[in-house]
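Undergrad: Give me a 3D structure for the following:
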Amino acid sequence: MESSAKKLSSLRITSLDGDDDETEDPHQPPPAGPSAAAADSDDDDEEEEAEVTLGVLSKPKHPGLLLRHLFPSKAGGIPAWLDPVNLPSEKSSCCGFCGEPLQFVLQIYAAVEDNVAAFHRTLFMFMCPSMACLLRDQHEQWKHKHGNPCRSVKVFRCQLPRTNAFYSVQPPKHDRSDKPLCPGGLMLLNSFKYLLPAHVCHWCGTWKGDKICSSCKKARYCSEKHQALHWRTGHKNDCLQIISSSAASNSVLPTVGKVPANTSWPEFEIKIDYEGRFDCDSGDENNSKLLVMQRHGKPDAMMQSWMDQFEADSDNKCWASFQERVSRAPNQVLRYCREPNAKPLWALSSGCPSNADIPSCSYCKGPLCYEFQVGQISSL
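TA: Down below sits the predicted model:
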């Protein structure tokens, strides 16, 4: 893994303090907090803002809370695939620039209440750990606005109706008695025929393992790179033991949950919070300047001159507004909202895409809408 990935992997995010023990109904989309009004920075007319749900990280009380049949929202670790059979594969699982498998970032359980086909709905986000690919992606997006350009960050959506082959129609009890309907497969015509869950890579535990070790015939991999990494870090010895064992047919490799710890980012549960709880007097025009003073103390002449440029420099003003908004809940890693008037919280005004810059849906040709944004990914 590249040095940039090592830097990312070595960092941690402080977990949320004071977690309550209340369980949330997983069959609902992330709830919205109380409504809030804010003044538009470029317009005197006030407009009601969309209600925003925040996601903050928390260490799970026990790993079993993040299994797929509990419909978790989580960051790091390996994905808890909603559909364990039909996984993305081939080029869709790789970075469009370097061709290496993407790394799991987070997943959001976000059911659509009025859509029977999306009673269960999870969004999965992946990214390339190479900073070079991420920077190139940012540049390429503006060159191919309406095409199908390469991507170093990808989001996959999976949804199921309430009655499906994998999960009970009843919500989880969260008492450690919950289990999927079957071992991860498809139950046909009330018979006991199953399609086993897809074999995943023994190195990353994330993508479909279409490649098989030619020696032991047991280890599976999503790419030649992961096969080579696994071989160098221990499978060489395991492979020889499996081959030489008289009970080779009964030999098993570590389960998906036991993939090497250094192949994924630390695992956290994403807890729901409400931005409305942190609202302050957003009508104060000096909020941005006050934030700077809180961080730097009494401003000297140079600092005062810099702050005076907020009104003249739209990027500075936008950045200060972004910082002030995020500082209300500094532990947030996710901002979620599916309201029709929802908008991203931009850090800079320059480079923001217009409606014309956003491509139409490649399937129905309808307009795409905003749903969520992620921050502090480098802290995973």
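
Undergrad: Do a quick rundown of the strands in the stretch 1-150 of the chain.
TA: 37-39, 46-48, 53-58, 74-75, 103-109, 120-127 (DSSP state E, counting those that start in this stretch).

Undergrad: mind checking pLDDT for residue 116?
TA: What the model reports for residue 116 is a pLDDT of 96.

Undergrad: picking that back up, so can I have TSV of the strands of the stretch 1-150 of the chain showing distance to residue 89 and mean pLDDT?
TA: To be clear about C-beta, it is placed using only N, CA and C from the backbone, and glycine gets the same treatment. Listed next are these as TSV, based on distance: least, C-beta to C-beta, whole Å; pLDDT from 0 to 100:
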stretch	distance to residue 89	mean pLDDT
strand 37-39	44	39
strand 46-48	44	61
strand 53-58	28	95
strand 74-75	22	96
strand 103-109	15	97
strand 120-127	13	98
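
Undergrad: nearest to residue 232, of those?
TA: Of all those, strand 103-109 sits nearest to residue 232, with 18.8 Å by C-beta to C-beta.

Undergrad: Just checking: what are the partner strands of that closest one?
TA: strand 74-75 (antiparallel), strand 120-127 (antiparallel) (DSSP bridges).

Undergrad: Please enumerate residues in contact with the shortest one?
TA: By C-beta atoms under 8 Å, 6 or more residues apart in numbering, the surrounding residues in contact with strand 74-75 are 57, 60, 66, 80, 105-107, 265, 267-270, 333, 380.

Undergrad: Closest to residue 217 out of those?
TA: Closest to residue 217, out of all of these and judged by C-beta to C-beta, is residue 80, at 27.7 Å.

Undergrad: on that earlier part again, tell me which of the strands paired with strand 103-109 sits most buried.
TA: strand 74-75 (a mean of 25; mean count of other C-beta atoms under 10 Å).

Undergrad: ok, back up a step: dump the strands of the stretch 1-150 of the chain into a markdown table; add distance to residue 375 as well.
TA: As requested, the strands of the stretch 1-150 of the chain are arranged in a markdown table below (distance: least, C-beta to C-beta, whole Å):
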| stretch | distance to residue 375 |
| --- | --- |
| strand 37-39 | 19 |
| strand 46-48 | 24 |
| strand 53-58 | 10 |
| strand 74-75 | 12 |
| strand 103-109 | 11 |
| strand 120-127 | 12 |
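
Undergrad: Which of the ones you listed sits closest to residue 314?
TA: Closest among the strands of the stretch 1-150 of the chain, once you apply C-beta to C-beta, is strand 37-39, at 15.9 Å.

Undergrad: Now for residue 349, how many residues are close by?
TA: Residues near residue 349, counting by other C-beta atoms under 10 Å, number 17.

Undergrad: that older thread, now for the strands of the stretch 1-150 of the chain, which one comes closest to residue 227?
TA: Closest approach to residue 227 among those is made by strand 103-109 (16.7 Å; C-beta to C-beta).

Undergrad: where along the stretch 1-150 of the chain do the helices fall?
TA: 3-9, 131-143 (DSSP state H, counting those that start in this stretch).

Undergrad: mean pLDDT for these: which is lowest?
TA: Taking the mean pLDDT of the helices of the stretch 1-150 of the chain, helix 3-9 comes last: a mean of 45.

Undergrad: got the contact list for residue 325?
TA: Residue 325 touches residue 345, counting by C-beta under 8 Å, 6+ apart.

Undergrad: Assumed it was part of a strand.
TA: No. Judged by DSSP: H, G, I helix; E, B strand; the rest coil, residue 325 forms no part of a strand; its state is helix.

Undergrad: And it, how far from residue 341?
TA: 17 Å (C-beta to C-beta, to the nearest Å).

Undergrad: Neighbour count and distance to residue 314 added to the contacts of strand 74-75, as JSON lines?
TA: Conversion of the contacts of strand 74-75 to JSON lines gives the following (neighbours: other C-beta atoms under 10 Å; distance: C-beta to C-beta, whole Å):
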{"residue": "57", "neighbour count": "26", "distance to residue 314": "32"}
{"residue": "60", "neighbour count": "17", "distance to residue 314": "42"}
{"residue": "66", "neighbour count": "21", "distance to residue 314": "42"}
{"residue": "80", "neighbour count": "20", "distance to residue 314": "42"}
{"residue": "105", "neighbour count": "21", "distance to residue 314": "30"}
{"residue": "106", "neighbour count": "27", "distance to residue 314": "31"}
{"residue": "107", "neighbour count": "27", "distance to residue 314": "35"}
{"residue": "265", "neighbour count": "23", "distance to residue 314": "35"}
{"residue": "267", "neighbour count": "18", "distance to residue 314": "39"}
{"residue": "268", "neighbour count": "25", "distance to residue 314": "35"}
{"residue": "269", "neighbour count": "21", "distance to residue 314": "38"}
{"residue": "270", "neighbour count": "25", "distance to residue 314": "33"}
{"residue": "333", "neighbour count": "20", "distance to residue 314": "27"}
{"residue": "380", "neighbour count": "23", "distance to residue 314": "31"}
